[in-house]
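Student: Provided below for reference: sequence and predicted model.
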Amino acid sequence: MAVLNDEQVMLRDMAREWANNESPVTAFRRLRAAAPPERFDADAWSAIGQMGWAGIVVPEEHGGSAFGWLSLGLVLEQLGRTLTASPLASTASAAAAIAMGTSEEAKAEWLPRIAAGEIVATLAVDEGPVHATMVMKTRVADGRLTGEKAFVAEGDSAQAFVVAADDGLYLVAGAEGVTRSPRQMADSRSHAAVRFDAAPALRLGGPELTAAVVDRATAALTAEMLGMAEAAFAQTNDFLKTRVQFGQQLSTFQALQHRMAKMFTELELMRSVVEGALEAIDAGRSDIDQAVSLAKATASDTLKLVTREMVQLHGGIGVTDEYDAGFYIKRAAVLETMWGSAAYHRDRFARLNGY
């Protein structure tokens, strides 16, 4: 478990209090029913910007706090607990791409607006249903980008896209040459296929920047997954302690205790590797790629285990819309595949270690 400084503890507690009071799971349920085009609560996003969370990984000279990836992860973990529909992870990852890139023009124009929570930005990388960055069909000629990205989180509302092409990352902003096709996903969140037809593009960096940014986006995602897994475990534990069957609380049955103990140990391991990946990024270590793949593989397996056990241990009511278990398992199904499945990252981890 990471050792937090006083500022990080305050940030974590603030995020937890805000998520519990202002963005509980009931808020997501209302959002799902309302189904706004952007698939997130604009007022909540504005509040996140006002609290400075959108600028956690933005350099201070561009209006951010440069508080680091572990700090961002603490916030995303708390938002994940309550299934808060927010573009924070996508926008922060896009901001990191701009900040790490070579375009001073992009930094000056976009980073202050991102840090203030004024806009939504996102990464547009994958061109098919399976995460793959080795071969890109997207091309850039004479400053114009052409290609299609199959699954873009926050693609419905983003004002700026950081797009992966065959020779690196580019920034595409504005509506010219951009066509969005919303996708209806199980988690009721924003996902879109985005087509770029000779869209004006500003170069940010080469393929090495693409790899670095995808690693950071993946690490941020695992923080949300950690929060979801913790909440799913806690809700299941509370249910077993209150539900009576055959005249006994379910928590007294040894077989169920074993299943809960298994989840608890897996959650502790998950926290260790997720926080380890975020700390590796903050420290600029040489093994960031390995730490991220270890975190994503572990997070995918653990979240899958905990959300499925949540449904199973709630019994018949676990599959009803009245209970929250379905929200967690549906969101988990999407996040398990985003930025690479557990199998993808186990294979990547092995290749990085020479196997």
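Tutor: Structure received.
Student: hey, let's count contacts and neighbours off CA atoms from now on
Tutor: OK.
Student: biggest helix in the protein, by residue count?
Tutor: In the chain, with assignment by DSSP state H, the single longest helix is helix 207-242.
Student: so what strands line up beside whichever helix or strand comes after it?
Tutor: Following helix 207-242 in sequence order, the next helix or strand is strand 244-245 (DSSP states H and E). Strand 244-245 has its sheet partners listed here by DSSP bridges as strand 248-249 (antiparallel).
Student: now what about the strand it pairs with, what contacts it?
Tutor: For strand 248-249, contacts defined as C-alpha atoms under 8 Å, 6 or more residues apart in numbering pick out 240-243.
Student: Enumerate every residue touching M310.
Tutor: With C-alpha under 8 Å, 6+ apart, M310 has these contacts: 232-233, 235-236, 318, 325.
Student: mind checking which helix or strand it is in?
Tutor: Following DSSP H and E, one finds M310 within helix 288-313.
Student: Mind listing what's buried along that helix?
Tutor: By 16 or more other C-alpha atoms under 10 Å, the buried positions in helix 288-313 come out as 288-311, 313.
Student: now do stretch 103-114
Tutor: For stretch 103-114, the neighbour count (16+ other C-alpha under 10 Å) marks 103, 106-107, 110-114 as buried.
Student: now the helices: where do they sit in the stretch 251-355 of the chain?
Tutor: Secondary structure of the stretch 251-355 of the chain by DSSP state H, counting those that start in this stretch: the helices cover 254-283, 288-313, 325-337, 342-352.
Student: Show me what the last one is packed up against.
Tutor: The reference is to helix 342-352. Secondary-structure packing of helix 342-352 (3 or more C-alpha pairs under 8 Å, 6 or more residues apart in numbering; DSSP states H and E): helix 288-313.
Student: repeat for the third one
Tutor: Packed against helix 325-337, as judged by 3+ C-alpha pairs under 8 Å, 6+ apart, are the following elements: helix 207-242, helix 288-313.
Student: and these as JSON lines, adding distance to D347 and mean pLDDT?
Tutor: Below are those laid out as JSON lines (distance: least, C-alpha to C-alpha, whole Å; pLDDT from 0 to 100):
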{"stretch": "helix 207-242", "distance to D347": "15", "mean pLDDT": "97"}
{"stretch": "helix 288-313", "distance to D347": "9", "mean pLDDT": "98"}
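Student: Return the residues in contact with A44.
Tutor: 23, 86.
Student: ok so it is a strand residue?
Tutor: No - checked against DSSP: H, G, I helix; E, B strand; the rest coil, A44 lies outside a strand; its state is helix.
Student: What's the separation between it and G117?
Tutor: For A44, the distance to G117 equals 10 Å [C-alpha to C-alpha, to the nearest Å].
Student: cool, A141 as well?
Tutor: 32 Å.
Student: Those two: which has the busier surroundings?
Tutor: Between A141 and G117, G117 has the larger neighbour count (other C-alpha atoms under 10 Å), namely 24 against 10.
Student: quick one: what helix or strand has that one in it?
Tutor: Going by DSSP H and E, G117 is not in any helix or strand.
Student: unless I'm mixing things up, it is touching A42, no?
Tutor: No - using C-alpha atoms under 8 Å, G117 makes no contact with A42, being 10.3 Å away.
Student: what does stretch 300-308 contact?
Tutor: The contact list for stretch 300-308 (C-alpha under 8 Å, 6+ apart) reads 225-226, 228-229, 232-233, 263, 266-267, 270, 325, 328-329, 332-333, 335-336, 341-342.
Student: residues of the longest helix of the chain that come out buried?
Tutor: 207, 209-233, 236-237, 239-240.
Student: Next, the angle helix 325-337 makes with that helix.
Tutor: Helix 207-242 runs at 150 degrees relative to helix 325-337, counting by axes from the mean of the first three to the mean of the last three C-alpha atoms, to 10 degrees.
Student: tell me the angle of helix 207-242 relative to helix 254-283?
Tutor: Note on geometry: by the same axes, to 10 degrees, helix 207-242 and helix 254-283 are set 150 degrees apart in direction.
Student: just how off-centre is helix 207-242 within its chain?
Tutor: Its chain's C-alpha centre and that of helix 207-242 lie 7 Å apart, by C-alpha atoms, centre = their mean, to the nearest Å.
Student: Stretch 244-258 too?
Tutor: For stretch 244-258, the distance to the chain centre is 35 Å (C-alpha atoms, centre = their mean).
Student: buried sites along it?
Tutor: 250-251.
Student: Please write out the alpha-carbon positions of it in PDB.
Tutor: Extracted as PDB, the C-alpha positions of stretch 244-258 are listed here (Å, rounded to 0.1, in the frame of the first residue of the first chain):
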ATOM      1  CA  VAL A 244     -31.000 -14.300   7.100                       C
ATOM      2  CA  GLN A 245     -31.500 -17.800   5.600                       C
ATOM      3  CA  PHE A 246     -32.400 -21.000   7.400                       C
ATOM      4  CA  GLY A 247     -32.600 -19.000  10.600                       C
ATOM      5  CA  GLN A 248     -28.900 -17.800  10.300                       C
ATOM      6  CA  GLN A 249     -27.100 -14.800   8.900                       C
ATOM      7  CA  LEU A 250     -25.500 -15.800   5.600                       C
ATOM      8  CA  SER A 251     -22.200 -14.500   6.900                       C
ATOM      9  CA  THR A 252     -22.000 -17.300   9.400                       C
ATOM     10  CA  PHE A 253     -21.800 -20.000   6.600                       C
ATOM     11  CA  GLN A 254     -18.200 -21.100   6.300                       C
ATOM     12  CA  ALA A 255     -18.400 -21.700   2.500                       C
ATOM     13  CA  LEU A 256     -19.400 -18.000   2.000                       C
ATOM     14  CA  GLN A 257     -16.700 -16.900   4.500                       C
ATOM     15  CA  HIS A 258     -14.100 -18.600   2.300                       C
END
